[in-house]
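Chemist: What follows is a protein structure lacking sequence information:
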């Protein structure tokens with residue numbers, strides 16, 4: 001059981017490192033993390049007494 005937890009811990013560490021590497025190197029490989037920019041206007045009706 002301890003060995004399984006140790007392997008899961010190593011897998012978690014490798015996944016975190018891989019995610020950080022992907023976040024930094026992703027834009028060089030065509031992954032765009034920027035949100036789409038568009039102005040959105042919606043009318044708001046306030047019911048004040």
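Modeler: Looks like it arrived, so ask away. It should be emphasised that the depicted structure is a prediction, and the values quoted were computed from it without experimental measurement. Numbering: from 1, shown residues only.
Chemist: and residue 28, how many neighbours?
Modeler: Burial of residue 28 is recorded as 7 neighbouring residues (other CB atoms under 10 Å). All C-beta atoms are positioned from the backbone trio N, CA, C, and that covers glycine.
Chemist: Would you check how far apart it and residue 22 are?
Modeler: Between residue 28 and residue 22 the computed distance is 11 Å (CB to CB, to the nearest Å).
Chemist: Also residue 11?
Modeler: 16 Å.
Chemist: What of residue 31?
Modeler: For residue 31, the distance to residue 22 equals 8 Å [CB to CB].
Chemist: hmm, who's touching the helix or strand hosting residue 7?
Modeler: Using DSSP states H and E, residue 7 maps to helix 2-25. The contact list for helix 2-25 (CB atoms under 8 Å, 6 or more residues apart in numbering) reads 31, 33.
Chemist: what do you get if the cut-off is 10 Å, keeping everything else the same?
Modeler: Helix 2-25 is contacted by residues 29, 31, 33 when judged by CB atoms under 10 Å, 6 or more residues apart in numbering.
Chemist: Let's see if you can find the most crowded of those residues.
Modeler: Within the contacts of helix 2-25, most neighbours by other CB under 10 Å means residue 31, with 10 neighbours.
Chemist: Could you give the secondary structure assignment for it?
Modeler: coil (DSSP: H, G, I helix; E, B strand; the rest coil).
Chemist: With residue 46 instead?
Modeler: Assigned with three-state DSSP, residue 46 falls in the coil class.
Chemist: From residue 11, how far off is it?
Modeler: From residue 46 across to residue 11, the span is 52 Å (CB to CB).
Chemist: out of those two, which sits in the busier spot?
Modeler: Higher neighbour count among residue 46 and residue 11: residue 11, with 10 against 4, using other CB under 10 Å.
Chemist: so how far is residue 31 from that one?
Modeler: 23 Å.
Chemist: quick one: low-confidence ranges for the chain?
Modeler: Nowhere does the chain drop to pLDDT under 70.
Chemist: and stretch 37-49, which residues are buried?
Modeler: For stretch 37-49, the neighbour count (16 or more other CB atoms under 10 Å) marks no residue as buried.
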